[in-house]
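Visitor: for reference, the sequence and a predicted model appear below.
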Amino acid sequence: MEATTPRDFFEKILPEKFNPDKAADVDVIVQISITGANGGDWIITIKDKKLDVKEGVYPSPNLALKMAEKDYLDLVNGKISAEKAFFTGKVQFKGNIALALKLREAGFL
């Protein structure tokens with residue numbers, strides 16, 4: 001199933017893709033900001049193997065990602081890797097890179 005908008009990914013795909021067993025020791029709040037026609041701001045909380053997604057802006061997240069809508073959809077649909085997005089400047093990232101890699105294992109990116 002391919003995401004057609006960021007909202008589609010957050011509401012339909014991410015909850016199914018998320019692997020709680022891979023998030024056993026993860027306690028994180030991630031701010032994702034997407035620019036573009038279907039963009040917006042989402043707060044993703046992962047704690048106690050549970051995933052919570054809501055719209056909004058969190059003042060001091062553990063990780064923050066900012067991407068253009070097209071690049072984000074390419075990332076979540078597997079058309080570009082997280083590393084390629086990072087190294088080609090398609091994603092603005094703040095936070096702990098090791099934590100971001102753990103989130104990828106849990107199905108988050």
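Guide: Sure, I can see it.

Visitor: all the strands of this structure, in order from the start?
Guide: Taking DSSP state E as the test, the strands found in the chain are 28-35, 40-47, 50-55, 63-68, 91-94.

Visitor: now the closest residue to residue 5 other than its chain neighbours: how far from residue 3?
Guide: Among residues not flanking residue 5 along the chain, residue 38 sits closest, at 4.1 Å (C-beta to C-beta, 6 or more residues apart in numbering). (Each C-beta comes from the backbone N, C-alpha and C, glycine too.) Distance of residue 38 to residue 3, given as C-beta to C-beta, to the nearest Å: 10 Å.

Visitor: what of residue 60?
Guide: Separation of residue 60 from residue 3 (C-beta to C-beta): 28 Å.

Visitor: residue 28: how many residues sit nearby?
Guide: 20 (other C-beta atoms under 10 Å).
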